[in-house]
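K.L.:
can't give you the sequence, but here's the structure:
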């Protein structure tokens, strides 16, 4: 099972589950945990091969990683903890896993907050992935990761989040990195499905105005998905929860509380 940590609230019933992106770990949520645990029960976890999930799980996992099997890891943690329903907050690739989880187990998902969400790879992104696939056996994986991080987060004000993800990625073994990179081979059909299906779960996309690779497709999807909304943070890049944590926390908590208010009113 994945490494996880929970923060239990004395009276709150709602759970909020945080899912990090590729190369990161649950530590990227430190500015969220200290705020969210005041209001909700909080679950953070390290995806397979990341953070503290790495040492004990290497021999247990199959060689081939798929979005479905990585999603199943998260579901197993929720079932083990007997969490019947949760709000989910994800960043970058974590947004894809949460969206996939909502397809597999919609009853588990009360709402989704998807930061730096990925719903389409433009030509630049696809060329980047093709370059990585060609060079992954030749170029050291950290050079590839640094290149990807710089292209996705190129500006001066993105430096803190860029360096945090690079430092976290250094904890990965090269074999783990290559397994995760192979997931790119199945990403396009999955994202195409997500774009076309209007899932009936309240969804808030929180994107940086400077997230040049991934923001445009989100804008188009939100126009056609009735249960989705978008908030764009000015002067912010891809990793919105790190670059603008105060705004990210405020918008996420407001979104979750608004859903709870609607639920209470409906019951009355």
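P.N.:
Sure thing, it's come through. Since the model is a prediction, treat every value here as computed from it, not as a measurement.

K.L.:
can you map out the strands along the stretch 1-150 of the chain?
P.N.:
Taking DSSP state E, counting those that start in this stretch as the test, the strands found in the stretch 1-150 of the chain are 4-7, 15-19, 41-45, 86-91, 109-115.

K.L.:
Ok, which of the ones you listed comes nearest residue 162?
P.N.:
Each of the strands of the stretch 1-150 of the chain was checked against residue 162 via CB to CB, and the shortest separation belongs to strand 86-91, namely 13.5 Å. For glycine as for every other residue, the C-beta is placed from the backbone atoms N, C-alpha and C.

K.L.:
So which elements touch that closest one?
P.N.:
strand 15-19, helix 93-104, strand 109-115, helix 245-267 (3 or more CB pairs under 8 Å, 6 or more residues apart in numbering; DSSP states H and E).

K.L.:
can you rerun that using 7 Å?
P.N.:
If contacts are counted by 3 or more CB pairs under 7 Å, 6 or more residues apart in numbering; DSSP states H and E, strand 86-91 sits against strand 15-19, helix 93-104, strand 109-115.

K.L.:
average pLDDT for the first one?
P.N.:
In this model, strand 15-19 has a mean pLDDT of 98.

K.L.:
Who are the packing partners of it?
P.N.:
strand 41-45, strand 86-91, helix 93-104.

K.L.:
now the ones you listed as JSON lines including distance to residue 243?
P.N.:
Conversion of these to JSON lines gives the following (distance: least, CB to CB, whole Å):
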{"stretch": "strand 41-45", "distance to residue 243": "19"}
{"stretch": "strand 86-91", "distance to residue 243": "11"}
{"stretch": "helix 93-104", "distance to residue 243": "16"}
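
K.L.:
Nearest to residue 80, out of these?
P.N.:
Proximity to residue 80 (CB to CB) singles out strand 41-45 among the helices and strands packed on strand 15-19, at 10.8 Å.
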